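Colleague: sequence unavailable; structure follows:
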């Protein structure tokens, strides 16, 4: 039977529950355990797919097309497992399922209530992940203890221990121990109140993770232990780390994984010897610390005031930097301001440019201008999803002679809709009905830049978009020099474009950032950073050579 770990939080949002859960997952996997993870979110939206990025940050897309919480990105990057749409559930999706069952008559006319029907649905979502191939399911509960929206989830996980057995469940509570400058003290009162609130819901935590900007003393640990009925070994100090990939090692030093494994009976092999092997993760952290060569990458975005909107893009850039010993100095550039910055010469010092995805017309002309500048000045540039589309628009206007070329999304009256809906998509008008979501295959042109950086000619990438390169213009664009270096298996859809002779001017219709890993950077980000490093160090960037992009061992 799979073991279950539930991670809750108190006092404040953004304490790092997701990173704590991910780090614990990494530690357990380093012991040879088969781990999967899940996020239960209390908001009423069915999924984050229609939420404003300023509200929620990025939407992370799984292989099967699930539009999920950004914490699933942390989960995948830390435990190196591909999750799926059932790894994220919201209050909205849970109520939607319960109401559908009620309409079908599944409850045989009974009064449908929060307890037991909603809580049973929550428990069912958790049980679905506990397959025979899994040893440990880690479930993070979104929000904070005390929020009214979180109550059904707390009740469900309280019942869950009774359902599956006390020895099969561990409750981990993440809380805040703030430092007050005027008094020069760390205060445990917020933690005390948070634990009291959790216990009032019938849940006694087994582990308390104390978030702080400095280490928690043994005296404070004993105080928290006495006031919470958690053994002092279960009170874990988690101070701010220089980089997020150090967190698993810091928590291991505090004894978190040993304590949890002992609690759940997962501590050792039959011979009593621990299976823990952190050597690969320690090597990763060493590479992170050694990445000191500065490289300036400009991110041309619409949501740059909320960095979480581009969380996976930023992490994928850093992964590419680690492989090259490079420190990515990110320049957050508001797309609407690009043209003014170009006039002032503010972009000339960039070593590379990323044009990420997005929806809507705002800032598009700035992204087009950035693509033009990168093409004209030999600056390595990577376009992601919308980024590919603006690169195609830019090339159509400025090289292929298609004046006013645009996307139907931005100007349906354009004489040259080089980005458009496919014919069959126009028949679907329901919001989201035309989205291409999840993993799709693409065949790459032999010898192309993308084929060389990938090292293969068939790739599978995750998508989240509605509009495509218009096939009626593909011949004219290619005749003007733009290479469609990757396409769908039936050759109808353009998946990659590139510009021969440029150090690195590549666009992809996909979101490769979702598949990047800290110890296995995505080939496209590795390629961009490689070219950017050469520019930063004053060497004339060469065409990408796959031998320089060998996977990190």
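Modeller: The structure has been received and is ready for your questions. What you are looking at is a predicted structure, and each value in this text was computed from that prediction instead of being measured.
Colleague: list the contacts of the closest residue to residue 389 other than its chain neighbours.
Modeller: The shortest distance from residue 389 to any non-neighbouring residue, by CB to CB, 6 or more residues apart in numbering, is to residue 419 (4.7 Å). All C-beta spots, glycine's among them, are computed from the backbone N, C-alpha and C. Neighbouring residues of residue 419 by CB atoms under 8 Å, 6 or more residues apart in numbering: 389, 392, 393, 406, 407, 408, 409, 467, 468, 469, 470.
Colleague: neighbours of the first one, how many?
Modeller: In other words, residue 389. 29 (other CB atoms under 10 Å).
Colleague: that one reaches residue 406, doesn't it?
Modeller: No: between residue 389 and residue 406 there is no contact under CB atoms under 8 Å: 9.8 Å.
Colleague: how many residues are close by residue 262?
Modeller: Neighbours of residue 262 (other CB under 10 Å): 13.
Colleague: tell me which helix or strand it sits in.
Modeller: helix 256-264 (DSSP states H and E).
Colleague: can you tell me what sits against that helix?
Modeller: Residues outside helix 256-264 that contact it (CB under 8 Å, 6+ apart) are 3, 5, 24, 27-28, 31, 136, 167-168, 170, 172, 206-207, 209, 233-234, 236, 251, 266-268, 276.
Colleague: try it again at 6 Å.
Modeller: 3, 27, 170, 206, 233, 234, 236, 267 (CB atoms under 6 Å, 6 or more residues apart in numbering).
Colleague: just name the lowest-scoring one in the residues you listed, pLDDT-wise.
Modeller: Ranked by pLDDT, these bottom out at residue 267 (68).
Colleague: doesn't residue 275 belong to a helix?
Modeller: No: applying DSSP: H, G, I helix; E, B strand; the rest coil, one finds residue 275 to be coil, outside a helix.
Colleague: so what's residue 319 up against?
Modeller: Here residue 319 is in contact with 516, 518, 521 (criterion: CB under 6 Å, 6+ apart).
Colleague: assumed the residue nearest to residue 389 was part of a strand.
Modeller: Yes: under three-state DSSP, residue 419 falls within a strand.
Colleague: tell me which element the most centrally placed residue in the chain falls in.
Modeller: In the chain, the centroid-proximal residue (CA atoms, centre = their mean) is residue 73; its distance is 2.7 Å. Assessed by DSSP H and E, residue 73 sits inside helix 71-79.
Colleague: contacting residues for residue 312?
Modeller: With contact set as CB under 6 Å, 6+ apart, residue 312 has these partners: 73, 513, 514.
Colleague: what comes up buried for stretch 139-157?
Modeller: 139-145, 150-157 (16 or more other CB atoms under 10 Å).
Colleague: now do stretch 175-182
Modeller: In stretch 175-182, counting by 16+ other CB under 10 Å, buried: 175, 176, 177, 178.
Colleague: quick check: the second one touching residue 190?
Modeller: Yes: at 5.1 Å, residue 176 counts as touching residue 190 under the criterion of CB atoms under 6 Å.
Colleague: point out where this structure drops to low pLDDT.
Modeller: Where the chain drops to pLDDT under 70, the residues are 267-274, 344, 423-433, 540-553.
Colleague: A helix includes residue 473, no?
Modeller: Yes: assigned with three-state DSSP, residue 473 falls within a helix.
Colleague: just give me the neighbour total for it.
Modeller: Residue 473 has 20 nearby residues by other CB under 10 Å.
Colleague: related to what we said a few turns ago, could you list which of the buried residues of stretch 139-157 belong to strands?
Modeller: With DSSP state E as the criterion, strands contain 139, 140, 141 from among the buried residues of stretch 139-157.
Colleague: quick one: those as a markdown table, columns for distance to residue 243 too.
Modeller: Below are these laid out as a markdown table (distance: CB to CB, whole Å):
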| residue | distance to residue 243 |
| --- | --- |
| 139 | 26 |
| 140 | 21 |
| 141 | 26 |
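Colleague: nearest to residue 348, of these?
Modeller: Taking CB to CB as the measure, residue 140 is the one of these closest to residue 348, at 43.6 Å.
Colleague: out of everything not next to it in sequence, what's closest to residue 362?
Modeller: residue 302 (5.9 Å).
Colleague: now the strands for the stretch 201-350 of the chain?
Modeller: Assigned by DSSP state E, counting those that start in this stretch, the strands in the stretch 201-350 of the chain fall at 207-212, 235-239, 293-301, 326-334.
Colleague: tell me which of the ones you listed sits nearest to residue 449.
Modeller: Each of the strands of the stretch 201-350 of the chain was scored for nearness to residue 449 using CB to CB, and the closest is strand 293-301 (18.3 Å).
Colleague: most widely separated two among the buried residues of stretch 175-182?
Modeller: 175 and 178 (10.3 Å).
Colleague: before we move on, the earlier item: which one of the buried residues of stretch 175-182 is nearest residue 119?
Modeller: residue 175 (24.3 Å).
Colleague: confirm that that closest one sits in a helix.
Modeller: No: the assignment for residue 175 (three-state DSSP) gives strand, which keeps it out of a helix.
Colleague: distance of it from residue 185?
Modeller: Using CB to CB, to the nearest Å, residue 175 is found at 17 Å from residue 185.
Colleague: and for residue 252?
Modeller: 28 Å.
Colleague: looking at the two, which is more packed in?
Modeller: Applying other CB under 10 Å to residue 252 and residue 185 shows that residue 252 carries more neighbours, namely 19 against 11.
Colleague: what helix or strand is the closest residue to the more buried one other than its chain neighbours on?
Modeller: Distances taken as CB to CB, 6+ apart place residue 27 nearest to residue 252, at 5.7 Å, with adjacent residues excluded. Residue 27 is part of helix 17-29, with elements assigned from DSSP H and E.
Colleague: and that helix, how far out from the chain's middle?
Modeller: From the chain centre to the centre of helix 17-29 is a distance of 14 Å (CA atoms, centre = their mean, to the nearest Å).
Colleague: same question, stretch 318-330
Modeller: Distance, centroid of stretch 318-330 to centroid of chain: 18 Å (CA atoms, centre = their mean).
Colleague: in that stretch, what counts as buried?
Modeller: In stretch 318-330, counting by 16+ other CB under 10 Å, buried: 318, 319, 320, 321, 322, 323, 324, 326, 328, 330.
Colleague: tabulate the contacts of residue 419 (a markdown table), appending distance to residue 11.
Modeller: Below are the contacts of residue 419 laid out as a markdown table (distance: CB to CB, whole Å):
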| residue | distance to residue 11 |
| --- | --- |
| 389 | 43 |
| 392 | 48 |
| 393 | 47 |
| 406 | 49 |
| 407 | 45 |
| 408 | 47 |
| 409 | 42 |
| 467 | 43 |
| 468 | 46 |
| 469 | 49 |
| 470 | 52 |
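Colleague: hey, where'd the helices end up in the stretch 201-350 of the chain?
Modeller: 218-228, 247-253, 256-264, 279-290, 311-324, 338-343 (DSSP state H, counting those that start in this stretch).
Colleague: angle of the third one against helix 17-29?
Modeller: Inter-element angle recorded for helix 256-264 and helix 17-29: 70 degrees (by axes from the mean of the first three to the mean of the last three CA atoms, to 10 degrees).
Colleague: what is the neighbour count of the residue lying closest to residue 355 once chain neighbours are set aside?
Modeller: Counting by CB to CB, 6+ apart, residue 387 is the residue found nearest to residue 355 once chain neighbours are left out, at 3.4 Å. Using other CB under 10 Å, residue 387 has 27 neighbouring residues.
Colleague: residues in contact with the helix or strand where residue 387 lies?
Modeller: Using DSSP H and E, residue 387 maps to helix 386-398. Residues from elsewhere that reach helix 386-398 (CB under 6 Å, 6+ apart): 355-358, 367-368, 371-372, 383, 402, 405, 407, 418-419, 469, 482, 507-509.
Colleague: can you state the direction angle for that helix and strand 293-301?
Modeller: Using the same axes, to 10 degrees: helix 386-398 against strand 293-301 is 80 degrees.
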